[in-house]
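S.K.: fold the following, please.
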Amino acid sequence: MCLITLNALSQTTVRGTIKNHDNKPVPFCSIGILNSQTGTVASENGHYELSIPEGLHYEVIFSAAGYTDKSFSWEQLAKDGNVIMEKDTSLLETLVINTVKMKNTTQGTTSRPMFTFSKMFQKDAPAVEQGNIFRLYPTTRIKSYGFHIMPSSRFEQITMKLNIYSIKNDMPDQLLPDENILFKTSGTGWQKIDLTDYGLVFEQLDAVAVTLQLVDYRPLPSGEFNFGISAKKTPSKNLLFRYQSQGEWERSGGTFLSHLEISYSKDKNAVSEMAQPEEGTETDERLKDLFSYYTNKQKAGKTIYGKNKSGKYLDVNDAKIYYEEYGKGDPLLLLHGNNGSIADFYRQIPELAKHFRVIAIDTRGQGRSTDLTTADYTYERFADDLFRLTEELQLKKVNILGWSDGGNTGLIFNIKHPEQVRRLVTIGANLNPTGVNDSLLQTFREQLRLGHGNTRLINLMLQHPDIRVEQLQLIQNPVLVIAGSRDVIKEAHTREIGKGIPNAETFFIPDATHYVPFEKPKELNRRLLQFFRKQEP
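M.R.: Next up is the predicted model:
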């Protein structure tokens with residue numbers, strides 16, 4: 001396999017270190033330019049160097065298991081190549097198998113035929129991925145992955161990164177594990193990667209793609225290095241390959257000598273998101289709410305929302321704000337909640353776009369929006385970003401739908417720019433942290449103490465917003481204040497917001513939590529359309 005060699009004189013080289021907010025390196029982060037062959041993988045210490053060919057000065061995307069993707073222009077990275085990755089706290093919890101008997105089997109190739117071939121890995125191209133697609137059962141636990149290294153390979157030691165993806169249009173789609181799966185070996189022939197400690201249990205996935213990357217190596221003392229994975233010829237094109245994490249996947253004839261050891265059940269109800277307690281208990285209600293939340297997050301992630309190819313970025317100097325547009329009519333801005341994304345409105349966008357020019361926005365440092373600062377997040381900063389977007393799109397009068405943090409941002413934007421807002425809807429908003437359930441605030445404090453989650457986003461909820469009741473008097477346009485009947489925002493606090501705004505109405509949606517757009521989409525959509533389409537007196 002030959003890789004394209006580029007003239008060093010026609011390249012821009014960017015370099016830096018990738019860390020998280022705990023100032024710890026993010027090892028083996030994948031870096032690439034969308035739909036190109038240009039990419040690399042950071043070292044174990046988070047250091048990277050990327051040469052960008054002339055004419056490819058597009059967005060550089062950083063992707064790592066357990067973190068949300070970050071996107072930067074090459075100009076930004078040329079000024080400062082150091083990157084801070086945000087932990088993805090929206091990842092699904094480990095699934096727990098109910099008391100259903102699981103069968104064991106092996107999927108794939110377990111023996112080596114007489115004739116094999118290999119797509120060789122290049123030591124200077126660590127971003128290259130190769131692998132196969134494996135079909136799954138309704139409930140599948142992956143216990144190990146086996147693959148065969150060409151006996152002619154020459155090295156002292158190699159480090160591989162195993163990636164597992166969901167499938168869309170018969171191609172790898174989203175990375176599934178929330179942590180790096182690394183494997184080191186000094187031998188050739190059959191290799192086995194034990195996966196029992198990674199909780200790889202999948203429900204209702206028809207198939208997964210399993211790929212390998214060479215992320216580190218030691219050549220022989222002589223300097224010799226040669227490494228390839230064995231493959232065999234087959235009529236089907238099951239060999240998957242791409243140059244880097246943002247490149248296009250390619251297929252070629254054959255299949256790698258690889259296999260999965262799995263436990264499986266054909267029972268569609270063999271898995272729950274967590275062990276189920278007795279019916280009717282308070283704990284049971286909380287777990288059902290969590291189950292609903294994670295299920296909706298999964299479904300949202302499979303939609304086009306939040307990753308539409310027609311999405312755009314607005315450069316606000318210290319950040320790039322990502323947004324997508326749907327439909328025609330009066331502008332309606334959608335603002336998601338803490339650690340959310342555009343996709344969280346997957347049940348609202350299709351309906352609202354029938355009547356409005358929907359502009360869905362990823363908040364700074366979340367979703368696909370970037371943030372080059374390390375300062376604390378504030379809703380005022382988010383509102384300023386929103387104002388910049390309205391200027392860029394030349395929007396004189398807008399409607400706003402803000403959920404949770406988005407509702408807080410909507411209130412502050414409305415206070416600062418009352419002349420620009422036609423109507424505002426808040427869902428689960430609060431004026432200050434005292435409006436949040438006390439036990440939830442304590443949970444946030446404990447997360448900070450243990451170093452769990454995204455510290456900037458957690459601090460945002462613990463320290464902000466700080467909206468005074470008298471400031472609400474500045475909002476003269478119609479406002480609809482919504483909360484779930486079992487919301488984590490205290491009922492009295494929600495009513496205080498509604499009473500403080502001169503032209504507001506307050507509504508509690510029965511049998512709903514803080515996740516109203518997920519739990520009650522039909523009722524919510526009906527009320528939103530009724531409110532936003534109401535004619536001014």
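
S.K.: who's in contact with D330?
M.R.: Contact analysis of D330 by Cβ atoms under 8 Å, 6 or more residues apart in numbering lists 356-357, 397-399, 422. Just so you know, the C-beta spots here come from the backbone N, C-alpha and C atoms, and that holds for glycine as well.

S.K.: among the residues you listed, which are in strands?
M.R.: Helix and strand membership here follows DSSP state E; of the contacts of D330, those in strands are 357, 398-399, 422.

S.K.: going by distance to R251, which of these wins?
M.R.: Nearest to R251, judged by Cβ to Cβ, of these is R357 at 38.9 Å.

S.K.: check contacts around A207.
M.R.: Taking Cβ under 8 Å, 6+ apart, we find A207 in contact with 133-136, 167.

S.K.: just the buried residues from those residues, in ChimeraX please.
M.R.: To isolate the buried subset of the contacts of A207 in ChimeraX, counting by 16 or more other Cβ atoms under 10 Å, use the following:
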select :133,134,136,167
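
S.K.: where does pLDDT dip in the stretch 251-400 of the chain?
M.R.: In the predicted model of the stretch 251-400 of the chain, residues 267-291 satisfy pLDDT under 70.

S.K.: how about the helices in the stretch 401-537 of the chain?
M.R.: With DSSP state H, counting those that start in this stretch, the ranges of helices along the stretch 401-537 of the chain come out as 405-416, 438-450, 455-463, 491-500, 516-519, 521-532.

S.K.: just name the most buried of these.
M.R.: When these are scored by mean count of other Cβ atoms under 10 Å, the highest mean neighbour count falls to helix 405-416 (a mean of 26).

S.K.: for stretch 440-460, C-alpha coordinates in CSV please.
M.R.: The C-alpha coordinates for stretch 440-460 follow below in CSV (Å, rounded to 0.1, in the frame of the first residue of the first chain):
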residue,chain,number,x,y,z
LEU,A,440,-28.5,17.4,42.2
LEU,A,441,-26.3,20.3,43.2
GLN,A,442,-24.7,18.0,45.7
THR,A,443,-24.1,15.5,43.0
PHE,A,444,-22.4,18.1,40.9
ARG,A,445,-20.1,19.1,43.8
GLU,A,446,-19.2,15.4,44.4
GLN,A,447,-18.3,15.1,40.7
LEU,A,448,-16.0,18.0,40.9
ARG,A,449,-14.4,16.6,44.0
LEU,A,450,-13.8,13.2,42.3
GLY,A,451,-12.6,14.9,39.0
HIS,A,452,-15.5,13.4,37.0
GLY,A,453,-17.2,15.0,34.1
ASN,A,454,-16.5,18.3,32.4
THR,A,455,-15.4,20.7,35.1
ARG,A,456,-16.2,23.9,33.2
LEU,A,457,-19.8,22.7,32.4
ILE,A,458,-20.3,21.6,36.0
ASN,A,459,-19.0,24.8,37.4
LEU,A,460,-21.3,26.7,35.1
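
S.K.: average model confidence for that stretch?
M.R.: Confidence for stretch 440-460, expressed as mean pLDDT, is 87.

S.K.: sec struct for T363, please.
M.R.: Recorded secondary structure, T363: coil (DSSP: H, G, I helix; E, B strand; the rest coil).

S.K.: surely it touches T370?
M.R.: No: judged on Cβ atoms under 8 Å, T363 makes no contact with T370 at a distance of 11.1 Å.

S.K.: on that earlier part again, turn the ones in strands among the contacts of D330 into CSV, including neighbour count.
M.R.: Converted to CSV, the ones in strands among the contacts of D330 look like this (neighbours: other Cβ atoms under 10 Å):
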residue, neighbour count
R357, 19
V398, 22
N399, 27
R422, 16
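
S.K.: can these go into CSV with extra columns for distance to N104?
M.R.: Supplementary listing: the ones in strands among the contacts of D330 in CSV, determined by distance: Cβ to Cβ, whole Å:
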residue, distance to N104
R357, 54
V398, 57
N399, 56
R422, 61
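
S.K.: between the residues you listed, which is nearest H21?
M.R.: Looking across the ones in strands among the contacts of D330 and measuring by Cβ to Cβ, the closest to H21 is V398, at 32.2 Å.

S.K.: nearest residue to that closest one in space, please, no chain neighbours.
M.R.: P331 (4.7 Å; Cβ to Cβ, 6 or more residues apart in numbering).

S.K.: beta partners for that neighbour?
M.R.: Beta-bridge partners of P331, counted by DSSP bridges, are R357.

S.K.: please tell me how far it sits from N20.
M.R.: Between P331 and N20 the computed distance is 36 Å (Cβ to Cβ, to the nearest Å).

S.K.: same check on N525?
M.R.: Taken as Cβ to Cβ, the span from N525 to N20 is 37 Å.

S.K.: about what we covered before: going by distance to I412, which of the contacts of D330 wins?
M.R.: Using Cβ to Cβ, the shortest approach to I412 within those belongs to V398, at 14.4 Å.

S.K.: contact partners for that closest one?
M.R.: 330-333, 390, 420-422.

S.K.: so what sits opposite it in the bridge?
M.R.: Each beta-bridge partner of V398 is listed here, defined by DSSP bridges: V421.
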